[in-house]
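>>> Fold the following.
(4 chains, ligands or ions: 2)
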Number of protein chains: 2
Amino acid sequence: MKSEHIPKATIGRLAVYIQVLENLIRDGIEVISSEKLAQACSVNSSQIRKDLAYFGEFGVRGVGYYVQELITSIRESLGINRVWNCALIGVGNLGMALLRHHDFERRGFFIKAAFDCDPDKIGKELEGMEIVCPTHLKDQASELGIELGIITTPPDRAQRAANHLVDAGIKGIVNFAPARINVPPHIPVEYVDFFDHLYSVAFQVTLGNS
Amino acid sequence: MKSEHIPKATIGRLAVYIQVLENLIRDGIEVISSEKLAQACSVNSSQIRKDLAYFGEFGVRGVGYYVQELITSIRESLGINRVWNCALIGVGNLGMALLRHHDFERRGFFIKAAFDCDPDKIGKELEGMEIVCPTHLKDQASELGIELGIITTPPDRAQRAANHLVDAGIKGIVNFAPARINVPPHIPVEYVDFFDHLYSVAFQVTLGNS
DNA sequence: CTAACCTTGTGAATTTTATAACAAGTTAAA
DNA sequence: TTTAACTTGTTATAAAATTCACAAGGTTAG
Ligand SMILES: NC(=O)c1ccc[n+]([C@@H]2O[C@H](COP(=O)([O-])OP(=O)(O)OC[C@H]3O[C@@H](n4cnc5c(N)ncnc54)[C@H](O)[C@@H]3O)[C@@H](O)[C@H]2O)c1
Ligand SMILES: NC(=O)c1ccc[n+]([C@@H]2O[C@H](COP(=O)([O-])OP(=O)(O)OC[C@H]3O[C@@H](n4cnc5c(N)ncnc54)[C@H](O)[C@@H]3O)[C@@H](O)[C@H]2O)c1
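Ligands and ions are numbered 1, 2, ... in the order given. Okay, here's the model as predicted:
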């Protein structure tokens, strides 16, 4: 079908499909039907076929989808079948956990530089990377080919961090701080809000009890 | 209005409203209109009024919403105006970052127990808590009044961790591991997937460039 | 007190998203 | 080769969420 506008919910589900498909590979499963995949992802099978149809035709009628091929197709569709260089701002508890988490690299997201404004941290080395003052962000970004920014500062510093990133010509931002940030409209921002999810389970549990 | 079924998206937005409203408090703003709040949250003002209408009438016509009151009302609506005791399974990079993050407590989510199956970690103390073997989960859960579980194990251990939690009578789960888990249908599960958000920005950046 | 002005809450209209249904393509067995 | 059993891609249908539009309620200034 190859369509124009793709629902945000579709992107979220594609991420789930990849997750489940990768686990199927581990289990040695090579082909899967939309119905089976749907069960594993807790969605409707039409939903899966519709989501994939936005990007092309990846299945074989009467057979299903070849798992490895489908993973590749989805990754191409999302634009993640390549390396993305990232900068991280805010090397605290969470920032360090992310830096130490090598799954990001395995999936093509390389954190190439880490920034913090704390004088005690600047100059220290972590995971083979020197922690640098955010004022150097602009230089390093172009030098290292950094396109994405990850914000892990306290919430009241998130806007400042965002400003640094924008100034450095970054193309997209993932913000872990619980604060909205203002950036030019052509720069996409994704918010990772742990509390959103905690609130959501708490709400569902409360509903169930009432 | 007080309605029956509440869209999941509404819950997510309520979390955003709280986030923004709390920052308004910090700035000393006491009253806000749905239009202003909408701008701060990047949503439509009708959306806000509609979201709130699911739970009651919290505003004053001609005036707007009293910020502190609205926070309280939303918290009551979500069932988070009370303490929720949590157990964390998997004390690795991410688990430790969460344990050290005291914002959870400030918002009523207390991590009362931490579990790990690594013999090197069991018995160690962290943030005033002893790391315990997951086999003790059941005892501790009832003893400490734990209702929610947080999974931060590797993905191939997530199901096992979930089984422990379910067996311990936990009422809801937040899963940070990139793997779907199967639990009885009355137990809500929320997935926090960092890659989902990375994929999403990458996709949006790619779109913008094409 | 009146008039001009705001802002909420909500039914109706619109848009978007999800599900169902099925024609078309594929396989395998008889 | 034919038939029966599958499964996709896509159109049609249904459901859900968002936005619009405005009456109803409230405030402020003169
Ligand atoms: N740690 C968690 O588990 C967790 C969970 C949910 C949300 N968060 C959010 O993630 C963010 C980071 O949390 P954390 O626990 O790592 O906090 P933290 O205080 O440990 O780390 C914050 C780091 O940011 C640095 N920083 C401050 N201002 C900066 C600036 N302008 N430029 C660059 N660096 C700056 C600080 O020096 C510090 O090293 C916070 O916004 C927090 O609310 C954290
Ligand atoms: N660290 C990050 O920044 C990050 C980012 C995104 C996602 N994640 C996900 O979060 C999870 C944890 O990541 P991490 O970096 O902390 O990994 P980690 O390897 O540092 O920690 C995992 C911990 O879980 C423990 N564990 C393993 N099996 C267990 C079991 N059955 N019961 C109890 N404990 C068990 C291990 O002993 C270890 O301490 C992983 O699934 C990872 O994919 C982490």
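>>> near DNA strand D, which residues of chain A?
Residues of chain A found near DNA strand D (Cβ under 7 Å from any atom of the strand) are A:1, A:32-35, A:45-46, A:49-50, A:52-53, A:57-65. Just so you know, the C-beta spots here come from the backbone N, C-alpha and C atoms, and that holds for glycine as well.
>>> in chain A, what spans have low per-residue confidence?
Chain A contains residues with pLDDT under 70 at A:1-3.
>>> interface residues of it facing DNA strand C?
Residues of chain A lying near DNA strand C (Cβ under 7 Å from any atom of the strand): A:5, A:7-10, A:43-44, A:46-47, A:49-50, A:60-63.
>>> so which of the residues you listed is the most crowded?
Neighbour counts for those (other Cβ atoms under 10 Å in any protein chain shown) peak at A:Thr10, which has 19 neighbours.
>>> what helix or strand is that one on?
Using DSSP states H and E, A:Thr10 sits within helix A:8-26.
>>> so how far is the very next helix or strand once past that helix from its chain's centroid?
Heading C-terminal from helix A:8-26, the first helix or strand you meet, by DSSP H and E, is strand A:31-32. Centroid separation for strand A:31-32 versus its chain: 26 Å, with Cα atoms, centre = their mean, to the nearest Å.
>>> Identify the residues contacting strand A:31-32?
A:Leu21, A:Leu24, A:Val63, A:Gly64, A:Tyr65, A:Tyr66, A:Val67 (Cβ atoms under 8 Å, 6 or more residues apart in numbering or on different chains).
>>> same thing with stretch A:201-210?
By Cβ under 8 Å, 6+ apart, stretch A:201-210 touches B:11, B:78-80, B:84, B:109, B:147-148, B:171-174, B:186, B:188-190.
>>> Ok, stretch A:69-86 next?
A:11, A:14, A:17-18, A:21-22, A:25, A:52, A:54-56, A:58-59, A:104, A:107-112, A:144-150, B:198-199, B:202-203, B:205-207.
>>> same check, this time on stretch A:33-43
With contacts defined as Cβ under 8 Å, 6+ apart, stretch A:33-43 is touched by A:13, A:16-17, A:20-21, A:24, A:44-49, A:59, A:64-65, B:180.
>>> and chain A, which residues reach ligand 2?
A:Ala97, A:Leu98, A:His101, A:Asp103 (Cβ under 6 Å from any ligand atom).
>>> thinking again about what came up before, nearest to ligand 2, of the contacts of stretch A:33-43?
Using Cβ to the nearest ligand atom, B:Arg180 is the member of those that lies nearest ligand 2, at 12.4 Å.
>>> which SS state does that closest one fall under?
Of the three states, B:Arg180 takes coil under DSSP: H, G, I helix; E, B strand; the rest coil.
>>> how about it, phi and psi?
Main-chain torsions, B:Arg180, degrees, to the nearest 10: phi -70, psi 150.
>>> Could you do A:Tyr66 as well?
phi -80, psi 120.
>>> who does the spatially most central residue of chain A bridge with?
The geometric centre of chain A, computed from its C-alpha atoms, lies nearest to A:Val174 (Cα atoms, centre = their mean), at 7.5 Å. Here A:Val174 sits in beta bridges with A:Ile150, A:Glu190, going by DSSP bridges.
>>> what kind of secondary structure is the closest residue to ligand 2 within chain A in?
Of all residues in chain A, the one sitting closest to ligand 2 is A:His101 (3.4 Å; Cβ to the nearest ligand atom). Here A:His101 is recorded as coil under three-state DSSP.
>>> one step back: just the residues of chain A next to DNA strand C now: which is nearest B:Gly123?
A:Val43 (42.2 Å; Cβ to Cβ).
>>> Tell me the spacing between the closest residue to A:Leu21 other than its chain neighbours and A:Gln19.
Leaving aside its chain neighbours, A:Leu21 sits nearest to A:Ile71 (5.0 Å; criterion: Cβ to Cβ, 6 or more residues apart in numbering or on different chains). A:Ile71 is 10 Å from A:Gln19, where distance means Cβ to Cβ, to the nearest Å.
>>> hang on, A:Tyr54 packs against A:Ile11?
No. Using Cβ atoms under 8 Å, A:Tyr54 makes no contact with A:Ile11, being 9.8 Å away.
>>> thinking again about what came up before, please indicate which of the contacts of stretch A:33-43 are buried?
For the contacts of stretch A:33-43, a burial check counting by 16 or more other Cβ atoms under 10 Å in any protein chain shown picks out A:Arg13, A:Val16, A:Tyr17, A:Val20, A:Leu21, A:Leu24, A:Ile48, A:Arg49, A:Gly59, A:Gly64, A:Tyr65, B:Arg180.
>>> what two of the residues you listed have the greatest distance between them?
A:Gly59 and B:Arg180 (21.1 Å).
>>> any idea which element the nearest residue to A:Gly172 once chain neighbours are set aside lies in?
In space, A:Gly172 comes closest to B:Val201 once its chain neighbours are excluded; the distance is 3.7 Å by Cβ to Cβ, 6+ apart. Element membership of B:Val201, judged by DSSP H and E, is helix B:194-209.
>>> how far is that helix from where the chain is centred?
Using Cα atoms, centre = their mean, the offset of helix B:194-209 from its chain centre is 23 Å.
>>> Just the angle for that helix relative to helix A:8-26, thanks.
Orientation of helix B:194-209 against helix A:8-26 (axes from the mean of the first three to the mean of the last three Cα atoms, to 10 degrees) gives an angle of 120 degrees.
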